[in-house]
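Engineer: When you get a sec, could you give me coordinates for this:
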Amino acid sequence: MPATARQQAGREAEAQALRHLEQQGLHLLARNWLCKHGELDLVMLDGDTVVFVEVRYRLHAGWGGALESVDARKREKLVVAAQVFLQKEARWADHPCRFDVIALEGTAGQAQRLNWLRDAFDS
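Structural biologist: Next comes the predicted model:
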């Protein structure tokens, strides 16, 4: 089944975010990690810190920007999914953790504005 334009744009935004983080020295641990509580877009390692990265893409900010779309409900889902990840991937359980958000706005496939918010919220 072919991906919708929206799904394709989301995948491209995620790939761009991953490239950016790797250029900054982070290493990929998992991508699109799924559990019954939700999905973790990117799980990265920054030094010895496990970083749970939520990637948000918006064509424009008309309905609220990408950063604003990570509301309290979404943050709670991310925290629970991260807890499950650390239970299942026990080798990372004793490492410090943080939650980052990468927000991309603009036309997919073209130069997009990337905003990386480190330590975006607490668990």
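Engineer: give me the low-pLDDT residue ranges for this structure?
Structural biologist: 1-3, 59-68, 107-112 (pLDDT under 70).
Engineer: Apply 80 and report the result again.
Structural biologist: 1-3, 5-7, 9, 58-69, 105-113, 123 (pLDDT under 80).
Engineer: Tell me which stretches of it form helices.
Structural biologist: 5-23, 72-88 (DSSP state H).
Engineer: Chain neighbours aside, what residue packs nearest to the most centrally placed residue in the chain?
Structural biologist: Of all residues in the chain, the one closest to the mean position by C-alpha atoms, centre = their mean is Glu54, 2.1 Å from it. Nearest residue to Glu54, sequence neighbours excluded (C-beta to C-beta, 6 or more residues apart in numbering): Val101, at 4.9 Å. In short, each C-beta sits where N, CA and C put it, glycine included.
Engineer: Okay, the nearest residue to Asn115 once chain neighbours are set aside and Leu34: tell me how far apart.
Structural biologist: Sequence neighbours aside, Ala103 is the residue nearest to Asn115 in space, at 4.5 Å (criterion: C-beta to C-beta, 6+ apart). According to C-beta to C-beta, to the nearest Å, Ala103 stands 22 Å off from Leu34.
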